[in-house]
Each structure stands twice: as structure tokens, then as C-alpha cells.
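S.K.: Turn this into a model:
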Amino acid sequence: MSTPVVRYLDPQGAIRWGVVFAGAIAPLPQAYETTADFISNGGAAAARLMTAQQATTPLDAVTLLAPITSNQQFLCQGVNYASHVRESGLDPAQIPFNMFFTKASSSLTGPNADVKRPAHVQLLDYEIELGLVIGRPITNAVSVAPDRLHEWLAGVTIVNDVSARDVQLPQGQFYKGKSYRGFGPVGPYLLLLEPQEWLRWPQLHMRLMVNGQLRQDAYCDEMIYKPHQTLSEYSALQDLMPGDLIATGTPAGCAARAPGRLQMLAAKVLLSERKKWQIFVKRGGSDPAFLKPHDVMTLSIRTDDGALDLGEQCSKVVAA
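M.R.: Prediction:
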């Protein structure tokens, strides 16, 4: 059975790890400084042994922290859902590659922390994503089989890939537009999965709401490049360590969308790149879909039968 693990600040101000049982936390007896430490030095194994009788700390009495610590790599996939590719004005058939980028680890923040919109950012956007958490060192190229994810991964978590579109798109800089501090809410749970449960990742149902309005609603089986393919390709590029995070892309429903084909063609022929993006930013400024201060984002990922549940993330946008 899956194990929902949280990292939290307890009422005495200590950072702890624990297992959630029906609104209460069973604290692990040992402290773990990092996610790598938790996974590699017995924390994950200990978490699976905790029982409901040990759940003595009310969940609402603590401050939940990101289950991924800031020393870990924050790796990402882009345009990995056909629906999002189309709303971006692209053709999925014309993207025959797995797109990788990174976010700064300092963008990581807790599942209920406020998201600060920088003063110069007007087009603030959201992206719900399934996060894969590495479970063992990968220091050479490996070929991961679809049914062997459990050999390489520890668990899954919710990621909100918050993005400043008026930085990312006009400047062509994914890292810069997505890496402001607090632009990576993660959690609440690091859901540790048993080997057979990894086969159910395609059934995970992602939902994101803004102020109670459903914006994104999709199943993870819509991924273009699946987790085993992504792990295999990343391993050929670089080392991956326990606790590192891979955000696997977002489905349709983001605030930023491409204009119609005729508008895009006209802009390409008649306008300079600078003028085109000036118009994009100006129009986006009056689009209510982009996030404003006081907006509240609520994210969940779970199977429809509730057997796998990554918890609920809730963040409010505030002015920086």
C-alpha cells in the first residue's frame, strides 16, 4: 500500500518527517536533513512501518514543507501533453523529441506557501505536473523498462510549475521565466509507491482550480513521453541522485494560449519579433485567466478510486 510522507515544521519549530494517517501525522523518530538523506538512509523504509496508532500530531497543527529539499535537482519536461502542445499553437506531430529544462532549486516552496508575483511580472501562469522522485543513484546510461519504474523511483508528488510568461516567452528563457523564488510549490505528499502500484501512474487524475474554477483536468496517461522513456534519456545526459525531482509536463488549460492560425501568420509576416511580443503582453494584461494577487490555486492528483492520493496543494498569489 502506498505511503504518504510529509516533511513539516512541528509546533516546537523542528523540521520533521512523518506519515499521514487520516488527518494526523506519525512522526519518524529520526531526523533527515535532506530528501536524499530520507530516501537513502532508512527513512523511506521506516515510513512504511509506521502505524495509525503512532499518528499523534494533528496535520492542521504543523506547517507543511516541500518534501523535496533545496539541495536536489529540479528537472523538467516541456510540451509533454498533446493538448498543451496544441493550445501553445504547435503540432504534436512536429515535436519528435523530449524537451528538457531546469528550474532553480531555490524556487522550491511548500504546498501551502504564498506565491509571490514579482512587481515586473504581469502574465503569471500555473501548470499542474506529476513529479517523479529519484530513488537510487543513476550514474550511467540505463534503459528503464515500463514495468520496472520501482527499481529507479522512490515516489511521486504534486508540482506547480509557476511561470512568468512575459519573461519566458518574449525572452525565450524557460529557466529565467520559471525560476523566481517560490515558483515551485511541491507536495504535500511524497507518495511512496509499492512496485505494483507504479503500474497505475497512467490512471493518476490531475486537477487544478483557480478560485474554485476548474482550469486543468487530465489523466497522466496523456503524456507523450512516458516516465521510463524520460528516465532513460536523462540517464544518458547526466547523473541523477536520490531525491532529485523530475516534473513531467502539464496538460491543456493554462492561461497562456496561442492566438489563432491566421493571427499568427499575420503577425509573422507583418510584425517584428519585438512588436509581436509587445502585443502579446499587452493583451495578456487584460486576460482574467492570468493569476492576480489574492487568487487561490488548488491542485490535486489521485486515482479515481482514491487508492493513490498525492494530497491537495493550495497556494495563494500575493504581490511581491
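S.K.: which residues does residue 122 contact?
M.R.: By Cβ atoms under 8 Å, 6 or more residues apart in numbering, the contact list for residue 122 reads 166, 281, 284-285, 290. Quick note: C-beta positions are derived from backbone N, CA and C, even for glycine.
S.K.: Would you map the helices across this protein?
M.R.: Along the chain, the segments classed as helices by DSSP state H run 35-40, 43-47, 82-87, 165-171, 174-178, 227-237, 261-270, 273-284.
S.K.: Quick check: the nearest residue to residue 128 once chain neighbours are set aside vs residue 160, distance?
M.R.: The shortest distance from residue 128 to any residue other than its chain neighbours is 4.1 Å, reached at residue 208 (Cβ to Cβ, 6 or more residues apart in numbering). For residue 208, the distance to residue 160 equals 8 Å [Cβ to Cβ, to the nearest Å].
S.K.: So for those two, which residues contact both of them?
M.R.: Taking Cβ under 8 Å, 6+ apart as the contact rule, residue 208 and residue 160 both touch 126, 128, 297, 299.
S.K.: And the pLDDT for the first one?
M.R.: Just to be clear, that refers to residue 126. On the pLDDT scale, residue 126 is placed at 98.
S.K.: on that earlier part again, would you turn the helices of the chain into JSON lines with mean pLDDT?
M.R.: Converted to JSON lines, these look like this (pLDDT from 0 to 100):
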{"stretch": "helix 35-40", "mean pLDDT": "98"}
{"stretch": "helix 43-47", "mean pLDDT": "95"}
{"stretch": "helix 82-87", "mean pLDDT": "87"}
{"stretch": "helix 165-171", "mean pLDDT": "91"}
{"stretch": "helix 174-178", "mean pLDDT": "96"}
{"stretch": "helix 227-237", "mean pLDDT": "98"}
{"stretch": "helix 261-270", "mean pLDDT": "48"}
{"stretch": "helix 273-284", "mean pLDDT": "69"}
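S.K.: deepest of those, which one?
M.R.: helix 35-40 (a mean of 23; mean count of other Cβ atoms under 10 Å).
S.K.: For that helix, which helices and strands make contact with it?
M.R.: Helices and strands touching helix 35-40, by 3 or more Cβ pairs under 8 Å, 6 or more residues apart in numbering; DSSP states H and E, are strand 3-9.
S.K.: Parallel or antiparallel, list what pairs with the strand it packs on.
M.R.: According to DSSP bridges, strand 3-9 has the following sheet partners: strand 15-21 (antiparallel), strand 63-65 (antiparallel), strand 190-192 (antiparallel).
S.K.: Which stretch among these is buried most, on average?
M.R.: Among those, the stretch with the highest mean neighbour count (mean count of other Cβ under 10 Å) is strand 190-192, at a mean of 27.
S.K.: that older thread, is the residue nearest to residue 128 in a bridge, and if so with what?
M.R.: Beta-bridge partners of residue 208, counted by DSSP bridges, are residue 216, residue 299.
S.K.: In contact with it, which residues?
M.R.: Neighbour list for residue 208: 126, 128, 160, 214-217, 253, 297-299 [criterion: Cβ under 8 Å, 6+ apart].
S.K.: 10 Å instead, please
M.R.: Shown in contact with residue 208 (Cβ atoms under 10 Å, 6 or more residues apart in numbering): 126-129, 158, 160, 214-218, 250-251, 253-254, 297-301, 313.
S.K.: Got the domain ranges for this structure?
M.R.: Domain assignment for the chain, taken from automatic domain parsing, gives 3-65, 74-319.
S.K.: rank those domains by pLDDT, which is bottom?
M.R.: Among the domains of the chain, domain 74-319 scores lowest, with a mean of 92.
S.K.: ok, residue 13 - how many residues close by?
M.R.: Residue 13 has 7 neighbouring residues, counting by other Cβ atoms under 10 Å.
S.K.: Which one of the helices of the chain lies nearest to residue 149?
M.R.: Smallest distance to residue 149 across the helices of the chain (Cβ to Cβ): 5.9 Å, for helix 227-237.
S.K.: returning to what we had before: reformat the strands paired with strand 3-9 into JSON lines and put distance to residue 84 next to each item.
M.R.: Shown next, in JSON lines, are the strands paired with strand 3-9 (distance: least, Cβ to Cβ, whole Å):
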{"stretch": "strand 15-21", "distance to residue 84": "31"}
{"stretch": "strand 63-65", "distance to residue 84": "28"}
{"stretch": "strand 190-192", "distance to residue 84": "24"}
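S.K.: List the contacts of the nearest residue in space to residue 252 that is not next to it in sequence.
M.R.: Using Cβ to Cβ, 6+ apart and skipping residues adjacent in sequence, the residue nearest residue 252 is residue 83, 3.5 Å away. Residues counted as contacts of residue 83 (Cβ under 10 Å, 6+ apart) are 92, 216, 218, 222, 250-253.
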